[in-house]
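Novice: Sharing a sequence plus its predicted fold:
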Amino acid sequence: MRWIQDPLLDVQHLTMRFGGLVAINDLSFKVGRGDITALIGPNGAGKTTVFNCITGFYKPTEGLIAMRKPDGSNLLLERLPGNSINWKAKVARTFQNIRLFSGMTLLENLLVAQHNPLMLSSGYTFLGILGLGGYRTAEKEAIEKAKFWLEKTRLIDRADDPAGDLPYGDQRRLEIARAMCTDPLLLCLDEPAAGLNPRESLELNNLLLSIRKDHGTSLLLIEHDMSVVMEISDHVVVLDYGTKIADGTPSEVKSDPRVIAAYLGVDDEEVEQVEAEIGV
Amino acid sequence: MNAPPITTASAESPALPNRFDLTAAIKDGLKTALIMLGLSIPILAYKTDQSGGDLWLSPRWGLVAILCALVFGLRILLHAFMATKAAREATPSPHQATEFVHAEPNAFQKTSRFAIPFFLGVALAFPVIIYFIQGGLNESRYWVDLGILILTYVMLGWGLNIVVGLAGLLDLGYVAFYAVGAYSYALLSTTFGLSFWICLPLAGILAGFWGMILGFPVLRLRGDYLAIVTLAFGEIIRLVLINWTDLTNGGAGISSIPRATFFGLPFTSGEGGFAQTFGLEFNGMHRIIFLYYLILALALLTNFVTMRLRKLPVGRAWEALREDEIACRSLGINTTNVKLTAFAIGAMFGGFAGSFFAVRQGFVSPESFNFLESAIILAIVVLGGMGSQIGVAIAAIVLVGGPEILRNLTFLQAVFGSGFDPNEYRLLLFGAGMVAMMVWRPRGLISERSPTVILKERKAISGSLVKEGHG
Amino acid sequence: MEIFVQQLINGLTLGSIYGLIAIGYTMVFGIIGMVNFAHGDVFMLSAFIALIFFLIFTTWLGISSVVLALLFVLVIAMVLTSLWGWAIERIAYRPLRGSFRLAPLISAIGVSIFLSNFVQVAQGARNKPTPPMIGDVIVLFQGESGYNVALSYKQIIIMVTTAVLLTIFWYLVQKTSLGRAQRACEQDRKMAALLGINVDRTISLTFVIGAALAAVAGTMYLLYYGVVSFNDGFVPGVKAFTAAVLGGIGSLPGAVLGGLIIGLIEVFWSAYFSIEYKDVAAFSILAIVLIFMPSGILGRPEVEKV
């Protein structure tokens, strides 16, 4: 129960309303440090809205989202301006419908991700334009880091190609590499396995496990692919109609009758099929 | 007159049959001619003439008949052309498929490698070349003036390119910063007697400052709305310049602005002048040639700084912003600052160009800064290919130099009668050209993007992948 | 008080002209999401068409009833301006469908420049005055200071024509299959096409209707001011666009409401503040509305999708 003993992210009483529509209703959950946490639920359950609140794209109507940094200090994400969530709180994310800089090369994509440190080393452009300061070395280091992640995601051969030219699966991996270039403490992945074939999906699992193991990054992911969820996650939170209906280890959650009823719908055949898939 | 053939071509191409069918072509031609006739009534068929307070109409059915016949003929030619093209495409050459994939980037690289030194060389040697061609300093005046004009637009195009081409923010009021620069110099020099070399940076800073001020409110706008608000700002600045007569002398403008000096040496014939100091015979052209090199230097500075910025984090952030603003925010980029720097730096170069304009003319008035100027500068950036420096330079030569050719087409008077002034049609053709350009090459002459950093091999990025931004 | 009532009447007259132009902007924006920058110049062109036909009818054909002549002029101007609207869409916008997003806007700017210079070349650069048409006024009441509050026949004609045409047009959009097709295209063009709606035709018709209403506005403008020039398209165009945005772009009642508001603001501003800055006021309102209430009075707010 790492998420109770040592939470990295603590979401409390989160509520998000759009006009009269309640997208999230009084949601509380914790993300453990070093855990892979999965956020699951049927379509329209409000999973992406939770992500948008955590990563600062929406300001929650009520509730707080606390980030516990390794030095013990707490940051309230809902009070930070959108761009500081990545830079100050070290939360990175990917998008459900991939958002790469498609006209820029892979390498450029990864350098843009290192914008803030590079901006400092270029003296907020003033020194950089005159060729002074340590920008040149800083850029070399940034390229090295980009190369590391391109190798790790097996995209190094295409480093000088535009991101828009990559096949779908590669774009997904590049988006993860780009997010990792910001050195996040928490990486939020919005359906990383969507549209991947089984081989790519397996590869993705290995990549995610290695990110957790080698870089000390905790992961929070939205996923529909049950095989991914059950295989790699340590902690599963289930949402339905904006409220939490279950929270626990994968084995706890998959045997929860409410989850099966709500998440899988009432169609018995489908329940059986998914049960077989997750091995109940 | 109203239908540039090229536009009709792409509008119609899918519907046209493969084989040339004469009756169908004639039928279609007649239909087009009929539409042309409808469009000509009554705006071309009758001209309103005025004497005193009364208007009367003079018919011009002959002109309408000529135009309808012309449209009919062009339409049939178009059919024939499309038919042969369709026939050609129906039998592809065996190499075609492979050629298309591999040829493009290399061709681009080759042209840019040779084109840039070539253009730079021509620009540097231009006054000398013209001197020898025209056979004298005074005779080359027209051409050097034209060179100055083109270079001013090259500089403005490069300045706007930062905002539109790199950051993807569509700015229809860029001329406002040009005006701020021009009026800054005009007012600072006439009221405080400051010299050009002090005013130039001040004008740039002031314009940049205005870029920030006008940039702030429009930060959250996107798309066409951003374009319209910047247009409104441009018009507001012009209208204020017209109406605030205490400061700007209103529509009459500010005249007798001090001329540029050669770093302190005035271009005068007397004691201590440029000519005398360097032991030359006095000639008014010295000043013009100096102005030419001044604007060339300013334009090259703009280019140099832009190229430099593209390789710095701020430049990459501009391009990333153009590609996807939401992804930028998720990566911790402060998009507000990124947009404001783009507005400010673009405006600053506009301000430099403006103060050059003032020192060259010796006179500024609000009429020089109307919406049409903004449209011309934007057209230069778009025709050049958004983000491409060399493309913008070529586009400026075409769009500013091209109409000058029109001025010299005096032989047309033999065709259309002596009252015919080709210059009247300059803007008419410009407008039609803008439409044709969008239909023919919406991404401009050079649409490929060149990466700012490479690991192994430089590859040009096809324009179809590069986004145009949300503004 | 008397001045206030008089300005109210003047403002509503001017506002109904802006409202007619604004409908063209709002419909085109609704259906293809572009600002039809050339719409103001289409309006100017229609005023010229109306002017020439008015001259033909009164001086050549000798129609002595001005009202009858105006009716003919209105119908002809609507037909011919519609043809222009159709041709512009066909040549300058249709080939750009699916092209990159700025292309139609830039093309529209090109059309705008083309149209104003075309009229300048074809008709000359000077202001064109019409012979005085209808001068009669009804004095509503006389103030204490001797200031007459008057409603001219012109103003009555303008307001009644606007009201009648708007009703017809409203019926057209709400109740006919054309209107349904139009609203379907606004929602989702691809889906509409899959359901068998002729999208190209629907968009063409939108431009035609917009141009026809601009022609009504052009004729009324000519009747009201009695003078037109080749560069009269830009500023009224911007004001009408402001009206469309203020009312909520995409909303037809909004366009009319916005037009009336803009007309009133312009007239009152000129009467009570300074006439020199009236265009500055119009542009400022445009900027303020776009920045602070981009969804307008009757429009729907837009939620950013992540």
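Specialist: Structure's in. What do you need? None of the values given here were measured: they were computed from a predicted structure.
Novice: Could you pull up phi and psi at A:L76?
Specialist: phi -90, psi 110 (degrees, to the nearest 10).
Novice: buried residues in the helix or strand hosting C:I31?
Specialist: Under the criterion of DSSP states H and E, C:I31 resides in helix C:2-32. For helix C:2-32, the buried set under the neighbour-count rule, 16 or more other Cβ atoms under 10 Å in any protein chain shown, comprises C:2, C:5-7, C:9-32. Yep, even glycine has a C-beta here, placed from its N, CA and C like the rest.
Novice: now the spatially most central residue of chain A, which residues is it bridged with?
Specialist: In chain A, the centroid-proximal residue (Cα atoms, centre = their mean) is A:C188; its distance is 1.3 Å. A:C188 has the following beta-bridge partners by DSSP bridges: A:R93, A:L220.
Novice: show me the residues around A:A45 that make contact.
Specialist: A:239-242 (Cβ atoms under 8 Å, 6 or more residues apart in numbering or on different chains).
Novice: Could you check the pLDDT of the residue in the stretch 1-150 of chain C that chain A sits nearest to?
Specialist: Chain A sits closest to C:F100 of the stretch 1-150 of chain C, with a gap of 11.7 Å, by Cβ to the nearest Cβ. What the model reports for C:F100 is a pLDDT of 76.
Novice: which residues of chain B score low on pLDDT?
Specialist: Along chain B, segments meeting pLDDT under 70 span B:1-19, B:52-53, B:89-113, B:409-420, B:468-471.
Novice: I'd assumed C:K278 was in contact with B:N243.
Specialist: No. Here B:N243 does not reach C:K278: they are 10.2 Å apart, not a contact under Cβ atoms under 8 Å.
Novice: all helices for the stretch 351-471 of chain B, in order.
Specialist: Taking DSSP state H, counting those that start in this stretch to define them, one finds helices in the stretch 351-471 of chain B at B:371-384, B:389-396, B:402-407, B:412-416, B:426-440.
Novice: and if you look at the stretch 101-250 of chain C?
Specialist: C:103-123, C:153-175, C:177-187, C:189-194, C:199-225, C:234-247.
Novice: Please state the backbone phi and psi of C:S99?
Specialist: The phi/psi pair for C:S99 (degrees, to the nearest 10) is phi -80, psi -180.
Novice: okay, B:N243 and C:K278: which has more neighbours?
Specialist: Each of B:N243 and C:K278 has its neighbours counted (other Cβ atoms under 10 Å in any protein chain shown); C:K278 has more, 19 against 16.
Novice: residues in contact with the more buried one?
Specialist: So C:K278 contacts C:266, C:269-270 (Cβ under 8 Å, 6+ apart).
Novice: Tell me the spacing between B:S365 and B:G253.
Specialist: Per Cβ to Cβ, to the nearest Å, B:S365 is found 3 Å from B:G253.
Novice: Find the residue ranges of chain A scoring beneath the pLDDT cut-off.
Specialist: For chain A, the ranges with pLDDT under 70 are A:123, A:133, A:263-280.
Novice: Which single residue of it ends up nearest chain C?
Specialist: For chain A, Cβ to the nearest Cβ, closest residue to chain C: A:F57, 4.7 Å.
Novice: And that residue, its phi and psi?
Specialist: Phi and psi for A:F57, reported as degrees, to the nearest 10, are phi -80, psi -30.
Novice: burial count for it?
Specialist: 19.
Novice: How about B:G121?
Specialist: Neighbourhood size, B:G121 [other Cβ under 10 Å]: 11.
Novice: Equivalent analysis for B:L63, please.
Specialist: 15.
Novice: wouldn't it be in contact with B:L44 here?
Specialist: Yes. Counting by Cβ under 8 Å, B:L44 is a contact partner of B:L63 at 6.0 Å.
Novice: rewinding a little: what about the helix holding C:I31, average pLDDT?
Specialist: Computed over helix C:2-32, the average pLDDT equals 88.
Novice: quick one, it and helix C:153-175 angle?
Specialist: 30 degrees (axes from the mean of the first three to the mean of the last three Cα atoms, to 10 degrees).
Novice: Report all helices and strands that the next helix or strand after helix C:2-32 contacts.
Specialist: Remark: after helix C:2-32, the chain's next helix or strand is helix C:39-55, criterion DSSP H and E. Under the contact definition 3 or more Cβ pairs under 8 Å, 6 or more residues apart in numbering or on different chains; DSSP states H and E, helix C:39-55 sits against strand B:46-51, strand B:54-59, helix C:2-32, helix C:66-88, helix C:103-123, helix C:199-225, strand C:227-228, helix C:234-247.
Novice: and the angle for helix C:39-55 with strand B:46-51?
Specialist: If you take the same axes, to 10 degrees, helix C:39-55 sits at 70 degrees to strand B:46-51.
Novice: can you list the residues of the stretch 151-300 of chain B near chain C?
Specialist: B:170, B:172, B:217-218, B:220-221, B:223-225, B:227-229, B:231-233, B:235-236, B:239-240, B:243 (Cβ under 8 Å from any Cβ of the partner chain).
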